[in-house]
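In: Build me a model:
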Amino acid sequence: MGDVDLDKKKESITIKLAEQRFTVKRVVTGVLQLYGEYTREAGEKLEQIGYLQDRMEKFSELSPEEIEKADEELKQIVDEVDEFSKGKINRLLEIIELILTKNGYEFDRQWWIENADMTDYQSFINACINKDLPDVKKKKTVG
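Out: Have a look, this model is predicted:
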């Protein structure tokens, strides 16, 4: 039986950011796990913010006891969302570092901080992850 080169089966993508080009061929499972966990937590925090907004709108309808209980609950939600927000940049940079190092690049954290923002981080990660998704051709519908 001959050799099997799994690298040949991988598509590559080149991403340009701040005059730098990054060619990414391999996105390891660790990237998918870290980003999946990140997006799950981000979704949970968005739900909590929605809940918080809903509770704030109904605050005037509550009894003093309910207000005290709601106030504690809201403080906890605000603390959790704040904690998540503080760690977002570090978590995204950790994912980018894993992508880059597994593709032969040295990771320069300071370069990323000085040349990109959180939207760039997420766009970079999404482009890398999505490069291996199969192209789905949309069917034309006749109406």
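
In: Neighbours of Q76, how many?
Out: Counted with other Cβ atoms under 10 Å, residues neighbouring Q76 total 11. Quick note: C-beta positions are derived from backbone N, CA and C, even for glycine.

In: Same check on Y121?
Out: Neighbours of Y121 under the rule other Cβ under 10 Å: 20.

In: Tell me the backbone dihedrals of the residue nearest to K10 when sequence neighbours are not counted, please.
Out: Using Cβ to Cβ, 6 or more residues apart in numbering and skipping residues adjacent in sequence, the residue nearest K10 is K25, 4.9 Å away. Main-chain dihedrals, K25, degrees, to the nearest 10: phi -110, psi -40.

In: try E73
Out: The phi/psi pair for E73 (degrees, to the nearest 10) is phi -60, psi -40.

In: List the residues that contact it.
Out: With contact set as Cβ atoms under 8 Å, 6 or more residues apart in numbering, E73 has these partners: R55.

In: at 6 Å what do you get?
Out: Contacts for E73 (Cβ atoms under 6 Å, 6 or more residues apart in numbering) come out as none.

In: From M56, how far off is it?
Out: Remark: distance between E73 and M56 (Cβ to Cβ, to the nearest Å) = 11 Å.

In: do the same with Y121
Out: Taken as Cβ to Cβ, the span from Y121 to M56 is 30 Å.

In: Equivalent analysis for E80, please.
Out: Using Cβ to Cβ, E80 is found at 16 Å from M56.

In: So the two - more neighbours on which side?
Out: When E80 and M56 are compared for neighbours, E80 comes out ahead with 14 against 11, by other Cβ under 10 Å.

In: Show me the helices in this protein, by range?
Out: 29-57, 64-101, 109-115, 118-130 (DSSP state H).
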